[in-house]
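[1] Just the structure for this:
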Amino acid sequence: MKFCSIFLIAVFLSACSSDDSPEKVAETFMKAGYNKDIDTVIDLMYIPKEDVPEGIDMKAMLKSKLGAALEASLESAERNGGLDKIETAPIQYTNDDKTKGTVDVTVVFKDKTKLNKKLILIKDNGKWFIEMD
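    Here you go, the predicted structure:
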């Protein structure tokens, strides 16, 4: 009984922690972009506090700037029959403390066209974000 309880707790914890894996964040970010879910895209972007001028609503500013880019992504997907799936490779860490790395992403459209992207991710306060360069 004790082994069963420990096993169930381990399964539960691994299932919960995988939602915030760098690969899952990269996948969610890309899906949100192709679905024009601007709020999710912005929520997953790494925006250092020191880069935000005082009194500026960064989310509102980004919404206005990203709208056209997300529209173009949606149009691109539609030209290729729509989004089929997003595939991610395991993160390649770029520092020793494993708080920064790259994830190779393959966007697969319904007409089987593929688009390869490399996303930079950074871990801040225990959460993974997409770092924009």
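
[2] only C-alpha atoms for contact and neighbour calcs from this point on.
    Will do.

[3] now the strands for the chain?
    83-88, 92-93, 100-109, 114-124, 127-131 (DSSP state E).

[4] Residue 53 is nearest to which of these?
    strand 127-131 (18.3 Å; C-alpha to C-alpha).

[5] which stretch among the strands of the chain comes nearest residue 60?
    strand 127-131 (18.2 Å).

[6] can you list the strands of the chain in TSV and add mean pLDDT, distance to residue 46 and mean neighbour count?
    TSV is the format used below for the strands of the chain (pLDDT from 0 to 100; distance: least, C-alpha to C-alpha, whole Å; neighbours: other C-alpha atoms under 10 Å):
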stretch	mean pLDDT	distance to residue 46	mean neighbour count
strand 83-88	97	19	17
strand 92-93	98	17	16
strand 100-109	98	12	20
strand 114-124	97	7	17
strand 127-131	97	5	21
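
[7] of all the ones you listed, which lies closest to residue 70?
    strand 83-88 (13.5 Å).

[8] got the angle between that closest one and strand 100-109?
    150 degrees (axes from the mean of the first three to the mean of the last three C-alpha atoms, to 10 degrees).

[9] who does strand 83-88 pair up with?
    strand 100-109 (antiparallel) (DSSP bridges).

[10] which ones are touching the residue nearest to residue 122 when sequence neighbours are not counted?
    Nearest residue to residue 122, sequence neighbours excluded (C-alpha to C-alpha, 6 or more residues apart in numbering): residue 100, at 4.4 Å. By C-alpha atoms under 8 Å, 6 or more residues apart in numbering, residue 100 lies in contact with 93-94, 120-123.

[11] which intervals of the chain have sub-threshold pLDDT?
    1-18 (pLDDT under 70).

[12] Can you add distance to residue 25 and give the contacts of residue 100 back as a markdown table?
    Formatted as a markdown table, the contacts of residue 100 follow (distance: C-alpha to C-alpha, whole Å):
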| residue | distance to residue 25 |
| --- | --- |
| 93 | 15 |
| 94 | 17 |
| 120 | 11 |
| 121 | 9 |
| 122 | 11 |
| 123 | 11 |
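
[13] Identify, from the residues you listed, the entry nearest to residue 105.
    residue 120 (10.7 Å).
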